[in-house]
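A.B. asks: Structure of the sequence below:
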Amino acid sequence: MMTQFDLFAEEQEVSVSEMEKTLSEMENFIAKFEKDERFFNAAKAFNWETEFSQLCNSENIFEGFDAVVGNPPYFSVTKLKSYFYEYFKQLEYKTYSKTSDVYCLFYELGSRILKENGILGFITSSQWQQTQYGTLLRKFFIENVNPILIFNLGGFQVFPKATVDTTILIFTKEKCKFQLAACLLKNDFDKKEFEEDYFLRQYFAEKSFLITDFSTEKWSFENNVQKNLRNKIKNSGIPLKNWNIEIFRGIITGFNEAFFIDESTKNELIAKDKNNKKIIKPILRGRDLDRFRYDFANLYLIFTHNGIKKENIPPINVEKDFPTVFEYLKKFENQLKIRKNQGVHWTNLQSCSFFKKFEKEKLIYPETTGNRGEFFVDTSGMFLDKTCFMIVGEHLHYFSAVLSSKLMTWYLNGVARLLGNQGIQYSKYYMVDIPILQISEKQEQEIEKIVKEIAKRKQKGKNTDELESQIDKLVYKLYDLTDSEVKIVEKSMKYY
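C.D. replies: Sure, this is the predicted structure:
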């Protein structure tokens, strides 16, 4: 297998002036190209028979390349102008949707220009393996080609100035045989080795395994034993969405610099007018959250809400009712007037019909994290920013125990979206399907007691390892794991 050092040229430094010149030339070219009628006629846009006549048979039919290798661009097709949509439809791309990434189309194009049994190798973003928009591409691979090798490079930067997570995929143009050699690059090696040309070849040879049952669902990098355990957990519980709960995202201000204030600014505003206290709320960010606790950074939100129409709650009139806050926000007037996320007036936040729920008991967690299991039941009325989610409803302490446990941390690592070699995204799309076991009232009370004690001790800075271990053991028992299955989870935890 070729490594990225074989496939890609050495990085070149490009000055800003050179980039601007190139962009200007590209814009002029595109403007000229858009006037060409071929641009609006997919059939005339490019003719493979003409451009590669040497690859045609005696009847002048294009037979295709023996191999296609590349690094196609990565960006959402939503960034393209609307007339491109018609172009893709004319060419009948199976991988196209309005939320697709353009590299998905390149995979399909690559297969089209391959001859039968030809081989393609691309390095692209890894997100097609996990995201909803990648469903069509996963379906395409299964129904149209034969994936033979996949190497997810995790969060290791193949390209020095690109932060995107990448994957090498190789397929042949033939019926899918469901014999995919797979490997995930984990944080289990000396990073200096990554610079060596031989490293990726050797790592793949030692760590890869065969996947035989991949589908249109998320592609995960695990052997059959691990997959069977994950299915066992999935089939034993009730999806979170079927419990009496709701999931909400935190506040989006559109310009945090104006609406987020520190302790000193908060005190200053309240000193000027005690009434300001009504709209200044303590706020947490994703980075402030931890397992069974949070670290308050003494940040506050100027909560100039936009009202709730259904409840006849009017928007905050900042200029009239909170004049000193209005004067403070005027410093940011230009930025606030042009932001997308705003209410009826530039001083108002965008509409948030559930803002009353922030002051109720809620289970909070970060959208993305590198530490895992950061779930906490808040009863202090903290507001949350857009990097957090909250679950409101019943059984919250029980849910926090299950979601913070080693078992569910391991489970989520296989179903949620991974970011780099350490990060994970707990978006609502993944959370709603988490399987939660229904237990007796007595069992729930026992778990709730332990969770509250952990939170109490953490607040005082005391060690809670023994109590958290109790939670892990209880959850293993609830999901009926065998000793060998527990070992699978425990062994995997060292990589998170």
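A.B. asks: going forward, measure contacts between C-alpha atoms and count neighbours the same way
C.D. replies: Will do.
A.B. asks: Can I take it that F248 is in a strand?
C.D. replies: Yes: counting by DSSP: H, G, I helix; E, B strand; the rest coil, F248 falls inside a strand.
A.B. asks: ok, it - contacts?
C.D. replies: F389, M390, I391 (CA atoms under 8 Å, 6 or more residues apart in numbering).
A.B. asks: That one and K357: what is the separation?
C.D. replies: The gap separating F248 from K357 is 9 Å, by CA to CA, to the nearest Å.
A.B. asks: Over to N231?
C.D. replies: Where K357 is concerned, N231 sits at a distance of 34 Å (CA to CA).
A.B. asks: These two: which has the busier surroundings?
C.D. replies: Ranked by neighbour count (other CA atoms under 10 Å), N231 and K357 place K357 first, with 15 against 11.
A.B. asks: Not counting sequence-adjacent ones, nearest residue to the more buried one?
C.D. replies: V392 (7.5 Å; CA to CA, 6 or more residues apart in numbering).
A.B. asks: Equivalent analysis for K241, please.
C.D. replies: That would be V432: by CA to CA, 6+ apart, it lies 4.8 Å from K241.
A.B. asks: tell me the contacts of the one you found?
C.D. replies: Contacts of V432 by CA under 8 Å, 6+ apart are P239, L240, K241.
A.B. asks: The second one reaches Y430, doesn't it?
C.D. replies: No: contact status for L240 versus Y430: not in contact, 10.1 Å apart, counting by CA atoms under 8 Å.
A.B. asks: Of these two, which one has the most company?
C.D. replies: Neighbours were counted for L240 and for Y430 using other CA under 10 Å; L240 has more, 18 against 14.
A.B. asks: Could you check how far that one is from P435?
C.D. replies: Relative to P435, L240 is positioned 6 Å away (CA to CA).
A.B. asks: cool, and I238?
C.D. replies: 5 Å.
A.B. asks: With neighbour numbers in mind, choose between those two.
C.D. replies: A count of neighbours by other CA under 10 Å puts P435 above the other of I238 and P435, at 20 against 15.
A.B. asks: from what I can see the more buried one touches S236, true?
C.D. replies: Yes: counting by CA under 8 Å, P435 touches S236, with 7.0 Å between them.
A.B. asks: so where's the protein uncertain?
C.D. replies: 1-17, 19-20, 23, 26-27, 29-45, 188-197, 420-421, 494-496 (pLDDT under 70).
A.B. asks: so what are the domain limits for it?
C.D. replies: As assigned by automatic domain parsing, the chain contains the domains 4-221, 223-244+394-496, 249-359.
A.B. asks: Name all residues that make contact with the nearest residue to F88 once chain neighbours are set aside.
C.D. replies: Of all residues not flanking F88 in the chain, Y96 sits nearest, at 7.1 Å (CA to CA, 6+ apart). Applying CA under 8 Å, 6+ apart to Y96 gives the contacts F88, C104, L105, L136.
A.B. asks: For these, give me CSV that also has secondary structure, neighbour count and distance to T482.
C.D. replies: Formatted as CSV, those follow (DSSP: H, G, I helix; E, B strand; the rest coil; neighbours: other CA atoms under 10 Å; distance: CA to CA, whole Å):
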residue, secondary structure, neighbour count, distance to T482
F88, helix, 16, 51
C104, helix, 30, 41
L105, helix, 20, 44
L136, helix, 17, 37
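A.B. asks: Check the residues you listed and tell me the two furthest apart.
C.D. replies: Greatest spacing in the contacts of Y96, by CA to CA: F88 and L136 (14.3 Å).
A.B. asks: mind listing the helices for the stretch 151-300 of the chain?
C.D. replies: 199-207, 224-236, 256-259, 263-272 (DSSP state H, counting those that start in this stretch).
A.B. asks: Which of the ones you listed sits closest to T324?
C.D. replies: Among these, helix 263-272 sits nearest to T324 (CA to CA), with 7.0 Å.
A.B. asks: who touches that closest one?
C.D. replies: Residues contacting helix 263-272 (CA under 8 Å, 6+ apart): N276, K277, I280, N298, L299, Y300, T324, V325.
A.B. asks: and the fifth one, what are its bridge partners?
C.D. replies: Under DSSP bridges, the beta-bridge partners of L299 are D262.
A.B. asks: count of residues packed around it?
C.D. replies: Going by other CA under 10 Å, the residues that sit close to L299 add up to 18.
A.B. asks: same deal with the third one?
C.D. replies: Residue crowding around I280 was assessed by other CA under 10 Å; the count is 21.
A.B. asks: Could you pull up the residues touching it?
C.D. replies: Contacts of I280 (CA under 8 Å, 6+ apart): K266, Y300, L301, I302, F303.
A.B. asks: which of those residues lies closest to N187?
C.D. replies: Nearest member of these to N187, counting by CA to CA, is Y300, at 36.9 Å.
A.B. asks: Give me the distance between the closest residue to the closest one other than its chain neighbours and K94.
C.D. replies: In space, and not counting its chain neighbours, Y300 is closest to P282: 4.4 Å by CA to CA, 6+ apart. Using CA to CA, P282 is found at 48 Å from K94.
A.B. asks: circling back to that earlier point, over to the residue nearest to K357. Which of the three states is it?
C.D. replies: Taking three-state DSSP, the label given to V392 is strand.
A.B. asks: and if you look at the one 5 residues further on?
C.D. replies: For H397, the secondary structure call by three-state DSSP comes out as helix.
A.B. asks: With adjacent residues omitted, what lies nearest to it?
C.D. replies: E448 is the one closest to H397 (CA to CA, 6+ apart), at 5.3 Å.
A.B. asks: residues making contact with the strand or helix carrying the one you found?
C.D. replies: Using DSSP states H and E, E448 sits in helix 441-459. The contact list for helix 441-459 (CA under 8 Å, 6+ apart) reads F292, R293, H397, Y398, S400, A401, N463, T464, L467, E468, I471.
A.B. asks: Beyond that helix, next helix or strand please.
C.D. replies: Per DSSP H and E, the helix or strand that comes after helix 441-459 is helix 465-478.
A.B. asks: Which residues in that following helix does the neighbour count mark as buried?
C.D. replies: E468, I471, D472, K473, L474, V475, Y476, L478 (16 or more other CA atoms under 10 Å).
A.B. asks: just these now: which is nearest K337?
C.D. replies: E468 (47.8 Å).
A.B. asks: what about the closest residue to that closest one other than its chain neighbours, distance to K462?
C.D. replies: Spatial nearest neighbour of E468, excluding adjacent residues (CA to CA, 6+ apart): I454 at 7.4 Å. Remark: distance between I454 and K462 (CA to CA) = 9 Å.
A.B. asks: Of those two, which one has the most company?
C.D. replies: Shown here are I454 and K462; by other CA under 10 Å, I454 has more neighbours (21 against 11).
A.B. asks: What spatial separation is found between the more buried one and L301?
C.D. replies: Distance of I454 to L301, given as CA to CA: 28 Å.
A.B. asks: Touching stretch 379-396 from outside, list them.
C.D. replies: Against stretch 379-396 from outside (CA under 8 Å, 6+ apart): 244-252, 281-286, 301, 357-368, 377.
A.B. asks: Just the buried residues of the residues you listed.
C.D. replies: So, of those, 247-252, 281-286, 301, 358, 361-368, 377 end up buried under the neighbour-count rule (16+ other CA under 10 Å).
A.B. asks: So which of those residues sit within strands?
C.D. replies: Judged by DSSP state E, strands contain the following of those: 247-249, 281-284, 301, 362-366, 368, 377.
A.B. asks: Could you save the contacts of V432 as CSV and add columns showing distance to D165?
C.D. replies: Compiled in CSV, those are given as follows (distance: CA to CA, whole Å):
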residue, distance to D165
P239, 29
L240, 29
K241, 30
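A.B. asks: Can you point out the buried residues in the strand or helix carrying E143?
C.D. replies: Using DSSP H and E, E143 sits within helix 135-144. By 16+ other CA under 10 Å, the buried positions in helix 135-144 come out as T135, L136, L137, R138, K139, F140, F141, I142.
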